[in-house]
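A.B. asks: predicted structure and sequence below. I'll ask about it afterward.
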Amino acid sequence: MSLTGVRAAVGNDWCMQGRSRDQRDLFDAESMAGELLEPGSVFAFLAEHRLALFPEEMFADLFGSARGRPSVPADVVAAVLVLQALHGYSDREATEAVTFDLRWKAACGLGVQAAGFHPTTLTYWRRRLAKSERPNRIFEAINAVVMETGVLRGKNRRALDSTVLEDAVATQDTVTQLIAAIRRVAREVTGGKDLVAEHCNGHDYSSPGKPRIAWDDPGARDELVSRLVSDALALLDHLDVDALEEDEAQVVALLAVVAGQDVEPAQGSDGTDGRWRIARKVAYDRVISTVDPETRHAHKTVAQRRDGFKAHVVVEPTTGLFTATKLTKAAGPQSADGTVGTDLLATDTTLTPEHTEEDEAAVATDGQEFPARQIPVEVLADSAYGTGEALAALDEAGHTAIIKPWPLRPAVPGGFTLEDFSVDEAAGTVTCPNGLTRTITPKRTVTFGAGCRGCPLRDRCTTSVSGRKLDLHPHDGLQRAHRARARQPAFQETYRSERPMVERSIAWLTRGNRKVRYRGIVKNDHWLARRAAALNLKRLLTLGLQRTGGTWQMVSA
C-alpha cells in the first residue's frame with residue numbers, strides 16, 4: 001500500500017470516518033467459525049459486542065472531514081489495539097494476525113477473505129489518538145463498562161504499586177553518548193553540520209562506530225574523553241541557543257546533559273586545560289541513551305538493576321482490576337512512588353461518587369460545577385508509599401492508609417531509633433530515652449550536644465563526638481500515629497490478605513510485556529493504558545461480564 005493509501009486508510013483531514021457494515025458478508029469469519037471461539041474469551045466478546053463497546057461516534061473527533069476515502073472502521077482498529085496490547089504483538093504481528101487468524105477476523109467482524117491492512121495504519125491511529133483530547137479513550141470505554149456493571153460498588157479499598165519496565169533501546173556508555181549527541185546536533189540543528197566541522201576536531205564524527213584506540217589503556221581512554229568533551233563544550237559555546245526551534249533546543253540540551261553528567265576534571269585539573277576523565281560516581285537521574293533520553297537506571301534492589309521506565313498503577317485488590325495507570329521515568333524525583341501514587345489515586349474515576357440531589361440543585365441554581373471529591377477508601381501499599389507527604393495527602397483526601405511503614409534506621413546498629421524519642425509538638429520539645437529534653441528549632445532540628453556527655457545510653461544512641469542530632473519530618477506526628485496503627489493485628493491482617501491479588505495484577509501486567517515497544521514516556525504511557533484496558537476486559541469476562549437488554553451486567557457463574 002502506498003503512503004497515500006495508508007493515510008487514507010487511517011483518517012486524516014482529507015479522509016472521512018469509515019464504518020462497519022450492518023450486514024455480514026457471505027464469508028464472514030464469525031458466521032463460519034464463530035462456534036470455534038472459546039466462550040468467555042476476548043475474541044468471542046469482541047465478535048459479539050465490539051460495536052457496543054466502541055461505537056463509531058466515540059472516534060468522530062479524530063476526523064476533520066465528512067468527505068474523502070473512508071478509513072478503516074474505528075471499531076475494527078480499536079479491537080485490534082486491544083488484542084495487540086493483550087498479546088504483546090508488534091504492529092506487523094497484529095496486522096498479520098488480522099489477515100491470517102480466524103479468531104482475530106471474527107473479533108474484528110471481517111470476512112475470511114478480507115485482506116487486512118498495512119501495519120503503519122496502527123501507527124497513524126495511535127498518533128491521532130495521542131494528539132486528541134482523550135488519548136486513553138479505550139481505557140475509558142472499558143472503565144465505563146466497569147462502572148456500569150457495579151462490580152466495584154462497595155469495594156472500599158485501592159492498592160498502589162509500581163514496577164519497572166525495561167526500555168526498547170540499548171544502554172550507551174559515555175563515549176557513545178558524546179559522539180551520538182554531537183552527530184545529532186550536526187544532523188538536526190540548523191547550521192550544526194558546519195559548526196561541528198569547524199569546532200569539533202577531536203574525532204571524525206562522519207565515521208561510523210567507535211573510535212579506534214587502545215581501550216585497555218586508561219591513558220588513551222582519558223585522552224579520548226578529553227577530546228570529546230572539549231568538542232562538545234566548544235560546540236555549545238558557538239551555538240546560538242536563542243535562535244533555535246523547540247526541537248533543536250531539545251537536541252542541544254541533550255548534548256549539554258551528556259557532556260556534563262559522566263565526566264569530571266582529570267586529577268590536578270579544573271577542566272580549563274581540556275583534561276577530563278570518566279567520573280568516579282554515577283550522576284543522579286543519569287541519561288543512559290541518546291536514542292531515548294527519557295530512559296533511566298532503576299534499582300529494584302541494591303544488586304538488581306534495570307533500565308527503562310516505571311509503570312504506576314491503582315488496583316482494586318479484590319477483583320484485580322486496574323482503575324488508573326501512569327508511566328514515568330524509572331528514577332528521579334518525578335517518579336517517586338509516594339508522590340506519583342497519591343496523585344494517580346486522585347485521578348481514579350471509579351472513586352467518583354454519584355451526585356446528590358443537593359449537588360444537582362446547587363448546579364441548577366448557581367451554575368457551579370459539581371464538587372470535586374472522591375469516595376474515601378483504604379489505600380494499601382508497600383513502604384515506598386509510606387512517606388510523610390504521601391500520608392498527609394491521603395489523610396487530606398479522607399482516605400485511610402494501610403501502608404507498610406517507612407523503615408526507621410538506628411544511628412547505631414541495634415540501637416535507638418526515632419521512635420524511642422518522645423515528641424511534644426505542642427510544647428515544641430523532644431525527650432531522649434535518657435530523659436533529656438531539648439527544643440525543636442524552626443527548621444525542625446533537635447540537638448542534644450553536650451547533654452550526651454557521660455550518658456549511660458550513648459553507645460546505643462550515637463557515634464558522633466558532638467552528640468545526637470535529630471531532623472524531624474514536618475509530618476512526624478502523622479508518621480508516628482501511622483506506625484502505631486500498623487502494629488495493630490487488624491491492620492496487618494488486611495495488608496497480608498489483600499496484597500497477593502495486587503502482586504497477581506502486576507504479574508498479569510508484565511507477563512510477556514516486561515520490555516516496552518516504544519520510545520519516550522508519552523507513547524509508552526498510552527501503551528500502558530491500553531494494556532491495562534485489555535487486561536481489565538479479560539478479567540471482567542472471567543468475573544461474568546454480559547450484555548443484557550442493552551446494559552453491561554455481571555452474571556455469577
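C.D. replies: Cool, got the structure. Everything quoted here is computed from the prediction, not taken from an experiment.

A.B. asks: domain boundaries for the chain, per the record?
C.D. replies: Per automatic domain parsing, the domain ranges recorded for the chain read 3-135, 174-278, 303-407+482-528, 418-467.

A.B. asks: using CSV, lay out the ones you listed together with distance to Met147.
C.D. replies: Backbone N, C-alpha and C define where each C-beta goes, glycine included. Listed next are those as CSV, based on distance: least, CB to CB, whole Å:
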stretch, distance to Met147
domain 3-135, 14
domain 174-278, 39
domain 303-407+482-528, 6
domain 418-467, 42
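
A.B. asks: between those domains, which gets nearest to Gly154?
C.D. replies: Of all those, the one in closest proximity to Gly154, counting by CB to CB, is domain 303-407+482-528 (9.8 Å).

A.B. asks: just the mean pLDDT for the closest one, thanks.
C.D. replies: Averaging pLDDT along domain 303-407+482-528 yields 87.

A.B. asks: and it, how far out from the chain middle?
C.D. replies: Here domain 303-407+482-528 is found 12 Å from its chain centre; the criterion is CA atoms, centre = their mean, to the nearest Å.

A.B. asks: mind checking which of the domains of the chain is nearest Arg157?
C.D. replies: Closest to Arg157 of the domains of the chain, according to CB to CB: domain 303-407+482-528, at 4.6 Å.

A.B. asks: wait, Leu470 sits on Thr445?
C.D. replies: Yes. With contacts counted by CB atoms under 8 Å, Leu470 reaches Thr445, the gap being 6.8 Å.

A.B. asks: these two: who's more crowded?
C.D. replies: Between Leu470 and Thr445, Leu470 has the larger neighbour count (other CB atoms under 10 Å), namely 18 against 14.

A.B. asks: where does that one sit: helix, strand or coil?
C.D. replies: Following DSSP: H, G, I helix; E, B strand; the rest coil, the label given to Leu470 is strand.

A.B. asks: please name the nearest non-neighbouring residue to it.
C.D. replies: With sequence-adjacent residues excluded and distances taken as CB to CB, 6 or more residues apart in numbering, Leu470 is closest to Val446, at 4.2 Å.

A.B. asks: what's around the one you found, how many residues?
C.D. replies: A count of nearby residues for Val446, using other CB under 10 Å, gives 21.

A.B. asks: quick one: residues contacting it.
C.D. replies: By CB atoms under 8 Å, 6 or more residues apart in numbering, the contact list for Val446 reads Phe421, Val430, Arg438, Thr439, Ile440, Lys469, Leu470, Leu472.

A.B. asks: let's go with 6 Å and repeat that
C.D. replies: Contacts for Val446 were tallied using CB atoms under 6 Å, 6 or more residues apart in numbering; they are Val430, Arg438, Ile440, Leu470.

A.B. asks: pull out the buried positions in stretch 133-150.
C.D. replies: Pro135, Asn136, Arg137, Ile138, Phe139, Ala141, Ile142, Asn143, Val145, Val146, Thr149 (16 or more other CB atoms under 10 Å).

A.B. asks: pretty sure the fifth one contacts Ala529?
C.D. replies: Yes. Under the criterion of CB atoms under 6 Å, Phe139 makes contact with Ala529 at 4.2 Å.

A.B. asks: returning to what we had before: which among the domains of the chain is found nearest to Asp161?
C.D. replies: Short answer: domain 303-407+482-528, nearest of the domains of the chain by CB to CB, at 5.6 Å.

A.B. asks: using the three-state scheme, assign Gly435.
C.D. replies: Quick answer, by three-state DSSP: Gly435 is coil.

A.B. asks: just give me the neighbour total for it.
C.D. replies: Counted with other CB under 10 Å, the neighbours of Gly435 add up to 9.

A.B. asks: same check, this time on Tyr124
C.D. replies: When neighbours are counted by other CB under 10 Å, Tyr124 registers 19.

A.B. asks: so which helix or strand takes in it?
C.D. replies: helix 120-131 (DSSP states H and E).

A.B. asks: helices or strands next to that helix in the packing?
C.D. replies: Counting contacts by 3 or more CB pairs under 6 Å, 6 or more residues apart in numbering; DSSP states H and E, helix 120-131 is packed against helix 3-10.

A.B. asks: model confidence over the helix it packs on, on average?
C.D. replies: Helix 3-10 comes out at a mean pLDDT of 42.

A.B. asks: what of stretch 210-223?
C.D. replies: For stretch 210-223, mean pLDDT rounds to 88.

A.B. asks: pull out the buried positions in that stretch.
C.D. replies: Arg221, Asp222, Glu223.

A.B. asks: what's the closest of those to Ala168?
C.D. replies: Closest to Ala168, out of all of the buried residues of stretch 210-223 and judged by CB to CB, is Arg221, at 28.8 Å.

A.B. asks: and the pLDDT at Met16?
C.D. replies: pLDDT, Met16: 58.

A.B. asks: roughly how far apart are Ile182 and Ala168?
C.D. replies: 24 Å (CB to CB, to the nearest Å).

A.B. asks: more neighbours: which of those two?
C.D. replies: The residue with more neighbours, out of Ile182 and Ala168, is Ile182; 25 against 19, by other CB under 10 Å.

A.B. asks: what lies in contact with the helix or strand that contains that one?
C.D. replies: Ile182 is located in helix 174-188, with elements delineated by DSSP H and E. If you take CB under 6 Å, 6+ apart as the criterion, helix 174-188 is touched by 192-193, 196, 205, 228, 232, 251, 254-255, 258, 262, 278, 290.
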